[in-house]
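Visitor: just need the structure, nothing else, for what follows:
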Amino acid sequence: MRTPVPVPRQGCRLLQVLVVLGLLLVTAGCAVTDRAPRERVSIMVPWTQQGEFQAFYSLVKDFERDTGIQVDVQVTRALTQQLDASVTAGAAPDLAVLPSVGAITRYAGKDDGLRPLDADTVDIGAYLQPFRNLARVAGTTYAVPVKVDVKSLVWYDSAARGTRRTDTADVFDFVPGSGLRWCLGLASGPTSGWPGADWIADVLLADAGPDAYVRWVSGTLPWTSPEVERAWSRWHDLMGASALRGAAHRGFAEATEPMATAAATCRLVHGARSALAADLQGADRFDFVAPAAGRPVEVSGDFIGMFTDGNPSARRFVAYLAGTAGQRAWVEASGSSAFSARTDVSRYADAVQQRIAAMLQPRSGYRLCFGAADVMSPDVAAAFYRAVLDYADGADLRTLLNRLQRVQDGLRNAPVPGSSICSEPT
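Guide: Modelled structure (predicted):
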């Protein structure tokens, strides 16, 4: 992990960008000037994939050009740890992209935590459920979703032999032909394990239904329950030994790269479009299967929150990112992998992106359930990720589930917004 260089409040500008491809460090040079210091705002983000960061940074440059306000971007793969350290040291950035709904709950209302976002800054009513309610704690808005995804998708190469597009109520039964193998990578820096956690949550959601899913996420359905144990076992059996072998140490995007080769060793991958290797995201031949309308689907979101008072530039930047124009610009800049939870953003570039976006819209027929680990307490989520890696490496399932239940029991009073986890998009 690289620790971002602190950005000075006066003098020269230092921008540190950590990019996954080669972990390239790009530092903007310092310019000496006689002018008075510009207005500025600092923001911490986790987008280390080149495409994700470039889309966001294009908005930063537009905002700087239009307002004259300077935006200092700190990029870190270990956002949870870095943000915790910065808050504890009294050096929090003005803004941060919160890695989970659990983080919103954790920081909301604390003296050194999130500051409320007023109606003049964010029109949270313009956002879809469940994202709208998950941005609130005790009726107060503390964050805004600026980028969302649908996770309950199975991707495949429609041009490959033995594959074809199929409409199915259960994406986990989509194994056309014989011998088609799953592409599986679980490594992702400090959050390694999340691709498997998403998978297991999706299996439980499909098998046990939204009510059981909500009880599990909110801590009232034990990790040791038959429903939860069955979801883990089914995921393990579905992946098979060939996909699980080495998966704990294989990058999640790297694992999908073989799909683009003529002699692909794996043909299917689960997750959001943004989880695919960059070369696959915009390729027409890669299509997806989703649960049928009427079934629940797992979704996720990146939320931006404010950690400092007295900086109107920070509020202006949040208002820009969360507004209609900013959200449309973000979707367009991303090419094909970003989606907005705003009800008035509906233009998308390609047919595949349009089909995914339609699942998020009112009257789509889907019930949107926020990703389990993204809602759980950060400590529980971290233990969940660790258990996924251990299970992939051959650890005993019941031992892992008992360990997870002990972590859950130790955080019994940690609030989880159970009533907001699943809802119709309205």
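Visitor: give me phi/psi at V41?
Guide: According to degrees, to the nearest 10, the main-chain angles of V41 amount to phi -140, psi 140.
Visitor: for stretch 268-275, list the C-alpha coordinates in PDB.
Guide: Extracted as PDB, the C-alpha positions of stretch 268-275 are listed here (Å, rounded to 0.1, in the frame of the first residue of the first chain):
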ATOM      1  CA  LEU A 268     -18.200 -17.100 -17.600                       C
ATOM      2  CA  VAL A 269     -17.800 -14.300 -15.000                       C
ATOM      3  CA  HIS A 270     -20.100 -12.900 -12.400                       C
ATOM      4  CA  GLY A 271     -20.400  -9.300 -11.400                       C
ATOM      5  CA  ALA A 272     -20.800  -5.700 -12.500                       C
ATOM      6  CA  ARG A 273     -19.600  -4.600 -15.900                       C
ATOM      7  CA  SER A 274     -16.900  -2.500 -14.200                       C
ATOM      8  CA  ALA A 275     -15.400  -5.700 -12.700                       C
END
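Visitor: so what touches that stretch?
Guide: 49, 52, 149-151, 153-156, 171, 174-175, 180-184, 195, 198-199, 202, 252-253, 255-256, 259, 276, 281, 288, 300, 336-338, 352-353, 356 (CB atoms under 8 Å, 6 or more residues apart in numbering). C-beta here means a position set from N, CA and C on the backbone, and glycine is covered the same way.
Visitor: out of those residues, which sit inside strands?
Guide: D149, V150, V154, W155, Y156, F288, S300 (DSSP state E).
Visitor: where does pLDDT dip in the stretch 1-150 of the chain?
Guide: Counting by pLDDT under 70, the stretch 1-150 of the chain has low-confidence residues at 1-38.
Visitor: could I get the full set of helices for the protein?
Guide: Secondary structure of the chain (DSSP state H): helices located at 50-67, 79-88, 101-107, 131-134, 194-208, 210-217, 226-244, 278-281, 312-322, 324-333, 351-359, 372-375, 378-392, 397-410.
Visitor: got the buried residues for the fifth one?
Guide: Neighbour-count burial for helix 194-208, with 16 or more other CB atoms under 10 Å as criterion, is recorded at 194-206, 208.
Visitor: what does the last one give?
Guide: Going by neighbour count (16+ other CB under 10 Å), the buried part of helix 397-410 is L400, L401, R403, L404, Q405, V407, Q408.
Visitor: of those residues, closest to S423?
Guide: Set against S423, the nearest of the buried residues of helix 397-410 by CB to CB is Q408 (23.7 Å).
Visitor: model confidence for the closest one, exactly?
Guide: Looking at Q408, its pLDDT is 94.
Visitor: hang on, isn't it packed against S218?
Guide: No - taking contacts as CB atoms under 8 Å, Q408 lies outside contact range of S218: 10.3 Å.
Visitor: make a markdown table out of the helices of the chain and add distance to C266.
Guide: Below are the helices of the chain laid out as a markdown table (distance: least, CB to CB, whole Å):
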| stretch | distance to C266 |
| --- | --- |
| helix 50-67 | 22 |
| helix 79-88 | 29 |
| helix 101-107 | 32 |
| helix 131-134 | 32 |
| helix 194-208 | 14 |
| helix 210-217 | 28 |
| helix 226-244 | 7 |
| helix 278-281 | 12 |
| helix 312-322 | 36 |
| helix 324-333 | 30 |
| helix 351-359 | 20 |
| helix 372-375 | 24 |
| helix 378-392 | 15 |
| helix 397-410 | 24 |
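Visitor: those helices: which one's closest to Y142?
Guide: helix 101-107 (5.7 Å).
Visitor: coming back round to it: any idea which of the helices of the chain has the lowest pLDDT on average?
Guide: Minimum mean pLDDT among the helices of the chain: helix 278-281, a mean of 76.
Visitor: flag every buried residue along it.
Guide: A278, L280, Q281.
Visitor: which ones are touching the second one?
Guide: Taking CB under 8 Å, 6+ apart, we find L280 in contact with W155, T256, E257, M259, A260, F286.
Visitor: just the buried residues out of the residues you listed, in PyMOL syntax.
Guide: In PyMOL, a selection of the buried entries from the contacts of L280 looks like this (16+ other CB under 10 Å):
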select buried, resi 155+256+257+259+286
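Visitor: any chance of the contacts of L280 in CSV, plus pLDDT and distance to G246?
Guide: CSV is the format used below for the contacts of L280 (pLDDT from 0 to 100; distance: CB to CB, whole Å):
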residue, pLDDT, distance to G246
W155, 88, 20
T256, 88, 15
E257, 86, 14
M259, 83, 17
A260, 77, 20
F286, 83, 23
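Visitor: need the contacts of L280 in CSV (columns: distance to V87).
Guide: As requested, the contacts of L280 are exported to CSV (distance: CB to CB, whole Å):
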residue, distance to V87
W155, 37
T256, 35
E257, 37
M259, 40
A260, 41
F286, 40
